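# I'd like to go over a predicted model; first the sequence, then the structure.
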Amino acid sequence: MSEPEGPPPPVVEPGGIVEIADGVWVIPDRRVPLVPNVGIVLGDDRALVVDVGMGPENGRRVLDAARETAGTRALVVTTTHFHPEHAFGLQAFRGEARSVYNRAQRDELRAKGEAYVGMFRTFGPNVAAALEGVELVDPDDVYDGDSTEIDLGGRTAQLLTRGLAHTLGDQVVYLPEERVLFTGDLVESRIFPIYPWFPPDDADVDGSRWIEVLAWLESLDPTQVVPGHGEIGDVALIRAAREYHERLREETFARADAGEDADAAVAAIEPRIRERYPDWEQPEWIAFGIRCFHAERTAAR
Ligand SMILES: [Zn+2]
């Protein structure tokens, strides 16, 4: 038996790029772990890149794809949250694109970025190789409050944030005219929601706030939803995610109220959830979600 090697190389493959609306392009993740869906949105004058892949080489690949797609347009880049596969390729864009996102995301990157590099390096040689030479860089601009708009020339992109859910600094990108929504890891397609519940190192994930954020995203009524990972869908993706969190919360709260500890709640609930979502991947995240809701409930009493 060989040593386990962990995930396969987390490589963004721009050859698979697809145009999902006029001038709205996505580099699909091909359901490869630790590869995000990447967006490239063209206006008349500028192009916006949404998420950059993990590490300098992936960042360069995304930058090259953006240049090829955008032609002579100036580039602007944003990231949906600080997690490595979404944001840790940003160094490739220095001097090539203006970068902008919300202040909470920048603060979270500063607070946790190096620790996440260390944690991800333990995931296996392919992930460690992708992080070789990584430098964590601040965005050129941050915004305060819950939104900003980027005028791309004949097209506006909204950067929207509602605070703590999957991370402290989650941000979505919405194109109101085309009703295309890039969600980052607030929504996935056929992948169990990722609860980065790693107390005491990182406990900044909140399932109840996440449910509220998802209800708000549903209210935007997007016709196309580009999730953080997995296939592009429509508003049903958001609804399915919200219903999952609500189910997990209801079952976990009931068991916490009955005096069960977190281990007992996981043992009872997790198998039933797996059964209910047979085609969803990465079931290891179910237990993290249960533990997060259990802590929320027991801390509240
Ligand atoms: Zn994430």
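Yep, that arrived.

# Once you drop chain neighbours, what's closest to Y244?
P193 (6.3 Å; Cβ to Cβ, 6 or more residues apart in numbering). Every residue, glycine included, has its C-beta placed from N, CA and C.

# Run through the stretch 1-150 of the chain and note the low-pLDDT ranges.
1-4 (pLDDT under 70).

# I'd assumed P222 was in contact with G233.
No - using Cβ atoms under 8 Å as the test, G233 is too far from P222 to be in contact (9.8 Å).

# if you count what's nearby, which of those two comes out ahead?
For G233 versus P222, the count of surrounding residues by other Cβ atoms under 10 Å is larger for P222: 24 against 17.

# wait, is that one part of a helix?
No - applying DSSP: H, G, I helix; E, B strand; the rest coil, one finds P222 to be coil, outside a helix.

# wait, what's in contact with it?
Taking Cβ atoms under 8 Å, 6 or more residues apart in numbering, we find P222 in contact with 174, 179-181, 234-235, 238.

# What of Q224?
Counting by Cβ under 8 Å, 6+ apart, Q224 makes contact with 20-21, 178-181, 232-234.

# of those residues, closest to the ion?
Nearest to the ion among the contacts of Q224 is L181, at 16.4 Å by Cβ to the ion.

# just to revisit the earlier point, give me the buried entries from the contacts of Q224.
Burial by neighbour count, 16 or more other Cβ atoms under 10 Å: within the contacts of Q224 this picks out 178-181, 232-233.

# so how far is T80 from the residue in the stretch 201-301 of the chain that the ion sits nearest to?
Distances between the stretch 201-301 of the chain and the ion by Cβ to the ion are smallest at G228, namely 6.2 Å. Counting by Cβ to Cβ, to the nearest Å, the gap from G228 to T80 is 7 Å.

# what residues are shared contacts of these two?
Common contact partners of G228 and T80 (Cβ under 8 Å, 6+ apart): 36, 51, 86, 183-186.

# which of these are close to the ion?
D185 (Cβ under 5 Å from the ion).

# Among the shared contacts of G228 and T80, which lie within helices?
Mapping the shared contacts of G228 and T80 onto helices (DSSP state H) picks out H86.

# Would you reformat the shared contacts of G228 and T80 as TSV and include distance to F293 and neighbour count?
As requested, these are exported to TSV (distance: Cβ to Cβ, whole Å; neighbours: other Cβ atoms under 10 Å):
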residue	distance to F293	neighbour count
P36	26	33
D51	28	30
H86	24	27
T183	21	27
G184	21	29
D185	18	22
L186	17	26
